[in-house]
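Enquirer: Sequence plus the predicted model coming up.
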Amino acid sequence: MPTEEKLDARTLPQALRALGELLDSRGLRFEVVAIGGSALVLLGLIDRATRDLDALALVEADRLVPTRELPPALAESVADVGRFLGLDEKWLNFGPSSLLDLGVPAGFTERLVTQRYGGLTLHLASRVDHIAFKLYAAVDQGPTSKHAADLRELDPTPAELREAAAWARSQDPSEGFASELRKALRHFGAETDGAS
């Protein structure tokens, strides 16, 4: 069985262009908000291979629309491109969409960075918002996780980390999380005031 291609700075734009062209040829249009490692690759902020592109929401009439699965026509097109390019058939998926349940950082939509690929409009979370998401995930998965590595690549200032910590606490107000968050902030060189 052949090994599936990873997504990187070369294959990811290729896959997105192919998807956009396929959607165009089928008379389809979709707007998707993306976060995570692949979004950071597209923004030129990190350089590593990833398994998939994490969609956070659809955009309809300028509003974020939470969903747990790709619309069928988009899922079919993603799978077709995946098969053609040797990628996982779910290389674009709604893995982290639960982040919308308790709210994204204030100003998130105003900071989105938009890229267009034919029938696909992709809105990428900004560096500042990725700092928040990556800090939250690094606290959850530990200092040796890919999220912690990505956060180091983003080189956040102490002020950016404190802002990210305030958002992370809105996602998990438990004392256990607060304790781990304080450790993470110390690890990344930020004071812990405001993290509790």
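Expert: Perfect, thanks for sending it. Numbers count the residues shown, from 1 in each chain.
Enquirer: Go through stretch 181-189 and flag the buried ones.
Expert: 181-182, 184-185, 188 (16 or more other Cβ atoms under 10 Å). C-beta here means a position set from N, CA and C on the backbone, and glycine is covered the same way.
Enquirer: Give the rounded mean pLDDT of it.
Expert: Average pLDDT, stretch 181-189: 91.
Enquirer: How far does it sit from its chain's centre?
Expert: Centroid separation for stretch 181-189 versus its chain: 22 Å, with Cα atoms, centre = their mean, to the nearest Å.
Enquirer: Give me the sheet partners of the longest strand along the chain and which way each runs.
Expert: Criterion DSSP state E: the longest strand present in the chain is strand 53-60. Strand pairing for strand 53-60, determined by DSSP bridges: strand 30-35 (antiparallel), strand 63-65 (antiparallel), strand 92-93 (parallel).
Enquirer: low-confidence ranges in this structure?
Expert: For the chain, the stretches with pLDDT under 70 are 1-3, 191-196.
Enquirer: can you list the domain ranges for it.
Expert: For the chain, automatic domain parsing gives the domain ranges 11-125, 128-187.
Enquirer: so what's residue 78 closest to, chain neighbours aside?
Expert: Once flanking residues are discounted, residue 78 sits nearest to residue 92: 4.7 Å by Cβ to Cβ, 6 or more residues apart in numbering.
Enquirer: Could you report the separation of the one you found from residue 168?
Expert: Taking Cβ to Cβ, to the nearest Å as the measure, residue 92 falls 26 Å from residue 168.
Enquirer: And the residue lying closest to residue 80 once chain neighbours are set aside, how far from residue 63?
Expert: Counting by Cβ to Cβ, 6+ apart, residue 80 lies nearest to residue 22, which is 6.3 Å off, once chain neighbours are set aside. The spacing between residue 22 and residue 63, counted by Cβ to Cβ, is 26 Å.
Enquirer: Same check on residue 157?
Expert: 31 Å.
Enquirer: Pull out the buried residues from stretch 66-83.
Expert: In stretch 66-83, counting by 16+ other Cβ under 10 Å, buried: 70, 74-75, 77-79, 81-82.
Enquirer: Sort out for me which of those are in helices.
Expert: The members of the buried residues of stretch 66-83 that map onto helices under DSSP state H are 74-75, 77-79, 81-82.
Enquirer: Which pair of these spans the longest distance?
Expert: 74 and 82 (12.3 Å; Cβ to Cβ).
Enquirer: most centrally placed residue in the protein?
Expert: By Cα atoms, centre = their mean, the chain has its centre lying nearest to residue 35, at 1.4 Å.
Enquirer: Leaving out sequence neighbours, find the closest residue to that residue.
Expert: Spatial nearest neighbour of residue 35, chain neighbours left out: residue 125 (4.4 Å); criterion: Cβ to Cβ, 6+ apart.
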